[in-house]
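Enquirer: Just a sequence and a predicted model for now, questions to come.
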2 protein chains.
Amino acid sequence: MPDPTLGLDSCSMRVIDEARVSAARAQLLPDGEIERLAQLFRLLGDPTRTRLLYALLEAGELCVCDLAAASETPETNVSHALRLLRTAGIVKARRDGRMMHYSLDDAHVRMLLDLSRDHLRHAGKE
Amino acid sequence: MPDPTLGLDSCSMRVIDEARVSAARAQLLPDGEIERLAQLFRLLGDPTRTRLLYALLEAGELCVCDLAAASETPETNVSHALRLLRTAGIVKARRDGRMMHYSLDDAHVRMLLDLSRDHLRHAGKE
DNA sequence: TCAATATATGATTAGCTATTCATATATTGA
DNA sequence: TCAATATATGAATAGCTAATCATATATTGA
């Protein structure tokens, strides 16, 4: 994170294309939104969580132990990972007796996962 | 990363819904692809880089100093960030005299950025 | 060739976080 | 209520990485 005390926007920055810069700054997302976007991507950006998410994308719903088996990940890791994803509203939990069943809870995230897989498939260039 | 020496897939895992688990495992992406997907998301998941990417999404193309000004980020941070994005094929560079102009280099990433912004806009529930 | 400029790279460090192991909670059936 | 089971949580640590400052490279014009 840049140090806000430096007041970068009020001094000492070179600007070449002033019109384009002020246009870009006008459209610039506020810090809060940037932070939330980055947090979303960060949550998708851990291999353990990525694996869980794609498993849920395929399976629809899985209990914790099946998620562990399907993704070859220790259950405690799965549980820790699911908590982060649940808190962020990316997955949701349904209780059934002593088991918890998890599934994806966000249509946009489903699309992100799909799109990203495509990105890899047609990898390299666009 | 789970410790592969544990051989989790060959022993001691509880499975409830065997059919669903083996189906999920059959569809499971190989480790290499999971790693690449996670790496892609991780690259998008840093606020500095997120800011740069959305600035480029709006502006089309910007030189390093204009990117710094538009995103209110020290130029050296911008340069470091751009190197990672360039190496990953997410942005591309064009030289013009002593300046470098950067732009997005991947259609899927452009869609990811768009989609994610929508996710925030219609935030919360799906 | 030399200074100025625009960007890139290297090295260091501080902060974060995924993993691990231990323990806790919650639910069921006896 | 008690043991067993399924999941969750807590705490500690090791590894990663973004930010920083110093320095290097590349291009231009004189």
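Expert: That came through, no problem. Residues are numbered from 1 along each chain as shown, chains lettered A, B, ... in the order given.
Enquirer: Is chain B within reach of the host helix or strand of A:A69?
Expert: Element membership of A:A69 [criterion: DSSP states H and E] is helix A:64-71. Yes. Using CB under 8 Å from any CB of the partner chain as the criterion, contacts between helix A:64-71 and chain B involve A:C65, A:D66, A:A68, A:A69, A:A70, A:S71. For glycine as for every other residue, the C-beta is placed from the backbone atoms N, C-alpha and C.
Enquirer: is stretch A:27-37 up against DNA strand D anywhere?
Expert: No. Judged by CB under 7 Å from any atom of the strand, stretch A:27-37 stays clear of DNA strand D, getting no closer than 11.1 Å.
Enquirer: mean confidence for that stretch?
Expert: Regarding stretch A:27-37, the rounded mean pLDDT is 94.
Enquirer: do the same with stretch A:107-119
Expert: This predicted structure assigns stretch A:107-119 an average pLDDT of 91.
Enquirer: do stretch A:49-69 as well
Expert: Model confidence over stretch A:49-69 averages 96 on the pLDDT scale.
Enquirer: Buried residues of it, list them for me.
Expert: Of all the residues in stretch A:49-69, those buried under the rule 16 or more other CB atoms under 10 Å in any protein chain shown are A:49-59, A:61-69.
Enquirer: Please apply the same query to stretch A:109-118.
Expert: A:V109, A:R110, A:M111, A:L112, A:L113, A:S116.
Enquirer: before we move on, back to that, do the helix holding A:A69 and DNA strand D come into contact?
Expert: Yes. Using CB under 7 Å from any atom of the strand, a contact is recorded between helix A:64-71 and DNA strand D, made by A:V64, A:C65.
Enquirer: right, and the helix or strand after that helix?
Expert: Proceeding N to C from helix A:64-71, the next assigned helix or strand is helix A:75-87, under DSSP H and E.
Enquirer: Quick check: next helix or strand after that following helix?
Expert: Elements were assigned by DSSP H and E; along the chain past helix A:75-87, the next helix or strand is strand A:91-96.
Enquirer: Within its sheet, name the partner strands of that following strand and how each one runs.
Expert: strand A:99-104 (antiparallel) (DSSP bridges).
Enquirer: picking that back up, possible to save the residues of helix A:64-71 next to chain B as TSV with distance to B:I90?
Expert: Putting those into TSV (distance: CB to CB, whole Å) gives the following:
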residue	distance to B:I90
A:C65	37
A:D66	35
A:A68	32
A:A69	34
A:A70	30
A:S71	27
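Enquirer: Among these, find me the one that's closest to B:R25.
Expert: Distances from B:R25 to the residues of helix A:64-71 next to chain B, taken as CB to CB, are shortest for A:A70 (5.3 Å).
Enquirer: can you count the residues close to that closest one?
Expert: A:A70 sits with 30 neighbouring residues when counted by other CB atoms under 10 Å in any protein chain shown.
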